[in-house]
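> Could you work out the structure for the sequence below:
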Amino acid sequence: EGIETKRNLTINDNGTYNIVGQDDCINASKDNESMITINGGIINCSVSSTASEGDAIDSNGSIIINGGTLNVYASATSPDSGLDSDLGTTINGGTIISTGNMYDEVKDSSTQNFIYLTFANQLSAGSKITIKDSSDNIIVEYTTDRTVTSFLYSSSLLSDGSYSVYVNDTLQWNGTTTSF
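Purely as a prediction, here's the structure:
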């Protein structure tokens, strides 16, 4: 583990955290009790390409994100998630890009919109994921550095409305986001 606690971990400041893990990058391990709360900072968590498994951020309880910039990438070779929480993740703020190879619940009690996609086929490293709004403006463009089957994006740029997701410039999904 890059950073591990038995119970709770809160990140409040605007510092930058770059963590490359051989397992989970950040972990809170007390079953059904642990909570990871992120209120600020730049958090870059990447499970190493030599690791056989690992989530980027893993709580055996809950994850609450109120702010900050998170770039969190799970293992490319195992069914792990960028944000993995046994009791669900709540997103109330921040800018998040999360990739992995399994779906993990984002709670309906979240107050910030998000787009969470699971692809039928694994995307290869170097795949370009683009989210556009209904006016064809690019909201985010991200190129994977590893194979992935799941992608989460959340930011204040996602208002209620229609969006399209492209992979390597091919339309994959059209849908709407609504406030919770």
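> ok, what's across the strand from Ile3?
Judged by DSSP bridges, the bridge partners of Ile3 are Ile26.
> Point to the helix or strand of this structure where mean pLDDT is at its lowest.
strand 170-177 (a mean of 89; mean pLDDT, DSSP states H and E).
> Packing partners of it?
Packed against strand 170-177 by the contact rule (3 or more CB pairs under 8 Å, 6 or more residues apart in numbering; DSSP states H and E) you find strand 114-123, strand 161-167. Backbone N, C-alpha and C define where each C-beta goes, glycine included.
> can you give me the helices for this protein?
Counting by DSSP state H, one finds no helices in the chain.
> Return the residues in contact with Ile26.
Shown in contact with Ile26 (CB atoms under 8 Å, 6 or more residues apart in numbering): 1-4, 9, 19, 36, 43, 45, 56-58.
> Emit the ChimeraX select command for whichever of these are buried.
Listed next is the ChimeraX selection for buried residues among the contacts of Ile26, using 16 or more other CB atoms under 10 Å:
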select :1,2,3,9,19,36,43,45,56,57,58
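> gap between Ser62 and Ser48?
Here Ser62 is placed at a distance of 26 Å from Ser48 (CB to CB, to the nearest Å).
> And the two? Which one has more around it.
Ser62 (20 against 15; other CB atoms under 10 Å).
> Give the full set of residues in contact with Leu158.
Counting by CB under 8 Å, 6+ apart, Leu158 has contacts 112-115, 139, 177.
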